[in-house]
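Novice: take this sequence and fold it.
(one chain, ligands or ions: 2)
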Amino acid sequence: MALGARLLLLLLLLQVLLPLAVPEYPEEDGGWEMNRYASVQEEERCTVEKVDASISYAEFMHRYAYGRPVILRGITDNAAFRSLCTKRNLLREYGERRVRLSTANTYSYEKVDVPFREFVDHLLKPQDLNSLGCDTLYFFGDNNFTEWGALFQRYTPPPFRIPGTSGAYSFGIAGSGTGVPFHWHGPGYSEVIYGRKRWFLYPPDRTPEFNPNKTTLSWLLDIYPFLPETERPVECTIRPGEVLYFPDRWWHATLNLDTSVFISTFLG
Ligand SMILES: *[C@@H]1O[C@H](CO)[C@@H](O)[C@H](O)[C@H]1NC(C)=O
Ligand SMILES: *[C@@H]1O[C@H](CO)[C@@H](O)[C@H](O)[C@H]1NC(C)=O
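Specialist: Numbers count the residues shown, from 1 in each chain. Ligands and ions are numbered 1, 2, ... in the order given. You can find the predicted model right below:
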């Protein structure tokens, strides 16, 4: 056979065989469903400052700790933790454990306990546009640190401590388009392990316009497009390898652009 014909045959064979080798969801996504055909998008322009791992503790304290949000890039290596957070691994380790879900309104009222496997198989879905926040169940926080302790021990939190505070973890997994509507509390960090999370923030003295019973997605579609330039939030989307820091009492709302696995360190 001529070389050209052999090459052609090889190419044809590869075309048949390669798709068989690709899993349903690629492993770099941990088996979690990414929102490739996205109805919800990243911001046009990220307005949160980003710094890399060379930032010193003194600089962090001086510029951001009590000042404004910042995204720290590559500040910790959580590759080992990430490899424990694949869908397959979490289902194997924690499938039969019960997790506590909350409704996704500003003042989370309802709590529901379900086996983790039931949550992943049936409740972990993209946000339904017509649901209210109080009808949307969200897995974030209320973690059982006895049962999940071995996992959280493998997480490396951001290194910068704020005097007079101590960190508490909240771990969660949520579908694309879901999120928590505007609220505020003490300072903290938020990191996505898989997926992307879009953040909207306002300083403590600027209460945003929002309905506490509605989802972030409905706020994004109904209110956000009509905000004058001067009333726009500070915003950005974080992805694995980035940590967002929010100072004390800053208003914030979140929107998961993909199925996201995430962990926050609240500094109480
Ligand atoms: C956490 O898990 C332990 C061990 O299974 C259990 O005894 C305990 O009741 C759980 N705590 C909560 C708050 O559910
Ligand atoms: C939100 O829901 C609560 C409880 O159902 C209700 O009392 C309140 O008036 C609602 N707020 C708005 C702004 O719709």
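Novice: next, count neighbours for the one residue in the stretch 51-200 of the chain that gets nearest to ligand 1.
Specialist: Nearest residue of the stretch 51-200 of the chain to ligand 1, counting by CB to the nearest ligand atom: Asn144, 3.7 Å away. In this view, the C-beta of every residue, glycine as well, is placed from N, C-alpha and C. Using other CB atoms under 10 Å as the criterion, Asn144 is surrounded by 12 other residues.
Novice: tell me the phi and psi of it?
Specialist: phi -90, psi 100 (degrees, to the nearest 10).
Novice: does it touch Arg97 like I think?
Specialist: Yes - here Asn144 lies in contact with Arg97, judged by CB atoms under 8 Å, at a distance of 7.2 Å.
Novice: SS state for Arg249?
Specialist: Secondary structure for Arg249, judged by DSSP: H, G, I helix; E, B strand; the rest coil, is coil.
Novice: got a list of what it touches?
Specialist: Under the criterion of CB atoms under 8 Å, 6 or more residues apart in numbering, the contact partners of Arg249 comprise Trp184, His185, Gly186, Pro204.
Novice: try it again with 7 Å
Specialist: With contact set as CB atoms under 7 Å, 6 or more residues apart in numbering, Arg249 has these partners: Trp184, Pro204.
Novice: please tell me how far it sits from ligand 1.
Specialist: Remark: distance between Arg249 and ligand 1 (CB to the nearest ligand atom, to the nearest Å) = 28 Å.
Novice: and the strands in the stretch 51-200 of the chain?
Specialist: The residue ranges that make up the strands of the stretch 51-200 of the chain, judged by DSSP state E, counting those that start in this stretch, are 70-73, 98-103, 111-115, 137-140, 167-174, 188-194, 197-202.
Novice: JSON lines for these, including mean pLDDT?
Specialist: Formatted as JSON lines, the strands of the stretch 51-200 of the chain follow (pLDDT from 0 to 100):
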{"stretch": "strand 70-73", "mean pLDDT": "98"}
{"stretch": "strand 98-103", "mean pLDDT": "92"}
{"stretch": "strand 111-115", "mean pLDDT": "93"}
{"stretch": "strand 137-140", "mean pLDDT": "89"}
{"stretch": "strand 167-174", "mean pLDDT": "96"}
{"stretch": "strand 188-194", "mean pLDDT": "98"}
{"stretch": "strand 197-202", "mean pLDDT": "98"}
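Novice: let's have those in a markdown table, adding distance to Ala53 and mean neighbour count.
Specialist: Compiled in a markdown table, those are given as follows (distance: least, CB to CB, whole Å; neighbours: other CB atoms under 10 Å):
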| stretch | distance to Ala53 | mean neighbour count |
| --- | --- | --- |
| strand 70-73 | 7 | 20 |
| strand 98-103 | 33 | 18 |
| strand 111-115 | 38 | 13 |
| strand 137-140 | 27 | 22 |
| strand 167-174 | 19 | 20 |
| strand 188-194 | 14 | 23 |
| strand 197-202 | 20 | 22 |
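Novice: could you dump these to a markdown table with distance to ligand 1?
Specialist: What follows is these, written out as a markdown table (distance: least, CB to the nearest ligand atom, whole Å):
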| stretch | distance to ligand 1 |
| --- | --- |
| strand 70-73 | 32 |
| strand 98-103 | 7 |
| strand 111-115 | 8 |
| strand 137-140 | 14 |
| strand 167-174 | 14 |
| strand 188-194 | 22 |
| strand 197-202 | 26 |
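Novice: now the ones you listed as a markdown table including distance to Leu220?
Specialist: Output for the strands of the stretch 51-200 of the chain, formatted as a markdown table (distance: least, CB to CB, whole Å):
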| stretch | distance to Leu220 |
| --- | --- |
| strand 70-73 | 20 |
| strand 98-103 | 19 |
| strand 111-115 | 25 |
| strand 137-140 | 16 |
| strand 167-174 | 15 |
| strand 188-194 | 18 |
| strand 197-202 | 8 |
